[in-house]
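J.: the sequence and its predicted three-dimensional model are supplied below.
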Amino acid sequence: MSSPDDIWTSLSPLVAARRSMRVCDEAGNFDTARTLTNRRPAVPAAVPIYARGRTTMLALDFDAKHSSPAQVDADVELVLSWLHECGARTVTDRSTSGGRHVLVPLAANAPLRVDNLRELMSLLADRLVTFDCTPMLNAATGCITPPGSQCREGGHRRLDGPLDDAIAAFNDRSEPGVVARLVAMLGGGTERRHLTPVAAVTASLIQDERLIGAGKERRLHPRFHRATPMPAAVEHFATAGKLDPRWRTKSEARQSVITHAVLRGASTADISEAISTDQWPGVSAAYDRYGKQTPAAIERDVNKALTWAAANAHQFHVIQHKNKHTGGDGSFLKDLVRTNWLARALLWIDREFSGRNRPALQAVVQALAYGSALAGELVEGVPVVAIGGRSLSHAAGLLSEDSVWAALRVLRDAPGSPVLLVAHGTGRDADRYALTTPVTSEPDSAHLVRARVEPVHPAWSVLGLRGRAAYELISAGLANNVEDVLTRAHLKQSTGYAILMDLIVSGLIQRDGTTLALGKRSLDDVAFAHGLVTVATDRVIRHRAERLLWQVWLDRRFGPPPPDIAPEREFPLQQHVGDFDSDLDRYLASVVAEGPRDRDPTAEALELLHDQLGAVIVGRDSP
């Protein structure tokens, strides 16, 4: 049997989403933050579940404080049966008080936010007496004590099963879509949440991409269809009406049947036919109480399932690992003008800035060079580009929008800056920048090799931009020892050693004595392991929604009225500013509930503004 020290050393880095932990104080609170250590703390310690607002692990906490250890064991055995049916790998442990944890390593390339987990947590809490969903519902402070950790009551958390099996579960991970499969199996997918305008438009755009057809023939796009059979319990209810303990009511059971059918490509018409014939007598009996309203009830339930399936279909979709990722892979644009500008801009930043700001500034100027090459122009030999912070955030290695805007402010305001703001953005037009050549010495080989007119690799959003210069020097063969890296990357000794250690731990580089070389992992491997394709896709869709709402606001605020509108009704929205957001919220929520429209979302939003608030829609005939 493994010792608690060995269990902690082996599993705590696998459980922790970040290399930190919170240790328990004398009052029993986990408020003291420390760096995660290989040595097991002498007091209880909890590790974070979320990193950057996302997680790749379910940490299910079962508490014996208000119940009995026997009830905890019963709840754990039940949830384990559900999880394993949905393709989950699990690790369990128990405390000296009788409480237990169930850890589920999810597919690493599909990280989830709290919003993706909220309905599952609610479904489990309704069914499992001792389950505490609190840790999973707080992305900022949610944490869990890993196996081997000290218990407040004395002793330590005991791992169930061999340590090697637990390590294998974290290395092999669960099948894709465990969370979505569990929600569907428990009859979920019906939760209504109040959505902000951006979230609601985002959901509508996702539905437009993932659903096809219209009316009763609307269905999930074939590329998201599940090819596996329905779970046995779901199929048994559909044909025999037999309730399983996983469902509290027949309503939940029939919704589970409908959701599984929708995930396999069924439409309202297909499901209605199955219910009206001998195919699903169990589901048919569950609708008996609706009488003549049964068709409407079926359509309502199918629409709920379609809305949920569209929002969660990506969880089932296996993203293939590509050998090349845009950015940092050699596919840069060979543009001599912008390459020379970028090399001098990097040199200028190295000269004028030091410390934490420099890596972000370097990423932003590289994104500007790339954006200029794609969509800019040369004005008397000077690259000029109109580009917004949102677009730059993608090309800057998924740098946050706030960080991009902060970097642009620094660059615009600095004397002698290579970035000159030549026109402020108005309306739908972005700020316009001239990429002027700064006064510098001739760029050396280190700056020339880094002056690649390409996006910054998104893997640096996980690794931290500060390690980029060192890695690029090593990968280009310009530095093969610590001293060369520190000198050419302009790093202080303490900072440089910390950066190199991070790169070694991540597997990007390896050290043999004093020699540094590339490691076995690539930036693409890091991006794939952290699901950055999903992160980038989510950001693209959110940006589309934000631009759409901005367009609606501009049209509402500045659109001139037609000549037949009385002066007192020219701009009625100025009198209803407080009502605008709530009405837009209601409209967008209806889009999510009822599915994508035949018309584009902009036209629908403008029509709502006209009907509800009297807005003038320019370019359309008055009703």
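T.: Everything's here; your move. Residues are numbered from 1 along each chain as shown.
J.: can you pull out the strands in the stretch 201-350 of the chain?
T.: Using DSSP state E, counting those that start in this stretch, the strands of the stretch 201-350 of the chain run over residues 211-212, 219-220.
J.: out of these, nearest to residue 62?
T.: strand 219-220 (34.5 Å; Cβ to Cβ). Where C-beta positions appear, they are placed from N, C-alpha and C, glycine not excepted.
J.: same for the closest one, what does it pack against?
T.: strand 211-212, helix 250-263, helix 294-316 (3 or more Cβ pairs under 8 Å, 6 or more residues apart in numbering; DSSP states H and E).
J.: any weak-confidence spans in this structure?
T.: Scanning the chain for pLDDT under 70 picks out the ranges 191-195, 317-334, 559-623.
J.: thinking again about what came up before, pick the most buried one from the helices and strands packed on strand 219-220.
T.: When you average the neighbours per residue for each of those (mean count of other Cβ atoms under 10 Å), helix 250-263 leads with a mean of 25.
J.: elements contacting that one?
T.: Packed against helix 250-263 by the contact rule (3+ Cβ pairs under 8 Å, 6+ apart) you find helix 178-185, strand 219-220, helix 232-240, helix 268-276, helix 281-286, helix 294-316.
J.: centre of the chain versus it, how much separation?
T.: Using Cα atoms, centre = their mean, to the nearest Å, the mean C-alpha position of helix 250-263 is found 27 Å from that of the whole chain.
J.: with just CA atoms, put it into CSV.
T.: Taking only C-alpha atoms (Å, rounded to 0.1, in the frame of the first residue of the first chain), the coordinates of helix 250-263 have been written out as CSV:
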residue,chain,number,x,y,z
LYS,A,250,-41.6,10.3,-15.8
SER,A,251,-41.1,13.8,-17.2
GLU,A,252,-37.4,13.5,-16.6
ALA,A,253,-37.3,10.0,-18.2
ARG,A,254,-39.2,11.0,-21.3
GLN,A,255,-36.9,14.1,-21.7
SER,A,256,-33.9,11.8,-21.5
VAL,A,257,-35.4,9.7,-24.3
ILE,A,258,-36.1,12.8,-26.4
THR,A,259,-32.6,14.3,-25.8
HIS,A,260,-30.9,11.0,-26.8
ALA,A,261,-33.0,10.8,-29.9
VAL,A,262,-32.1,14.4,-30.8
LEU,A,263,-28.4,13.7,-30.3
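J.: what angle do that helix and helix 268-276 make?
T.: Note on geometry: by axes from the mean of the first three to the mean of the last three Cα atoms, to 10 degrees, helix 250-263 and helix 268-276 are set 130 degrees apart in direction.
J.: which element is residue 104 on?
T.: With elements taken from DSSP states H and E, the one containing residue 104 is strand 100-105.
J.: report the strands that pair with that strand, each with its relative direction.
T.: Using DSSP bridges, the strands paired with strand 100-105 are strand 57-62 (antiparallel), strand 91-94 (antiparallel).
J.: which residues of the stretch 1-150 of the chain fall in helices?
T.: The residue ranges that make up the helices of the stretch 1-150 of the chain, judged by DSSP state H, counting those that start in this stretch, are 4-15, 69-85, 114-127.
J.: for residue 424, find the nearest of those.
T.: Residue 424 sits nearest to helix 114-127 of all the helices of the stretch 1-150 of the chain, at 34.9 Å, using Cβ to Cβ.
J.: just to revisit the earlier point, and the helices and strands packed on strand 219-220: which comes nearest residue 57?
T.: Distances from residue 57 to each of the helices and strands packed on strand 219-220 were compared using Cβ to Cβ; the shortest belongs to helix 294-316, at 14.6 Å.
J.: and the closest one, what does it pack against?
T.: Using 3+ Cβ pairs under 8 Å, 6+ apart, helix 294-316 is in contact with helix 178-185, helix 197-210, strand 219-220, helix 250-263, helix 268-276, helix 577-594.
J.: nearest residue to the spatially most central residue of the chain in space, please, no chain neighbours.
T.: Centre of the chain computed as the mean C-alpha position; nearest residue by Cα atoms, centre = their mean is residue 535, 4.5 Å away. Excluding its sequence neighbours, the residue lying closest to residue 535 (Cβ to Cβ, 6 or more residues apart in numbering) is residue 398, at 6.5 Å.
J.: again with residue 546
T.: Closest residue to residue 546 in three dimensions, ignoring its sequence neighbours and counting by Cβ to Cβ, 6+ apart: residue 198, at 5.6 Å.
J.: on that earlier part again, run a quick neighbour tally on the residue nearest to residue 535.
T.: Summarising burial for residue 398: neighbours were counted as other Cβ atoms under 10 Å, giving 23.
J.: one more: residue 118?
T.: Quick note: residue 118 (other Cβ under 10 Å) scores 15 neighbours.
J.: relative to residue 188, how far out is it?
T.: Applying Cβ to Cβ, to the nearest Å, one obtains 10 Å for the distance of residue 118 from residue 188.
J.: what's the answer for residue 137, then?
T.: Using Cβ to Cβ, one obtains 16 Å as the distance from residue 137 to residue 188.
J.: what about the two, which has more around it?
T.: Each of residue 137 and residue 188 had its neighbours counted (other Cβ under 10 Å), and the higher figure belongs to residue 188 (21 against 13).
J.: check the gap between the more buried one and residue 310 for me.
T.: As judged by Cβ to Cβ, residue 188 and residue 310 stand 15 Å apart.
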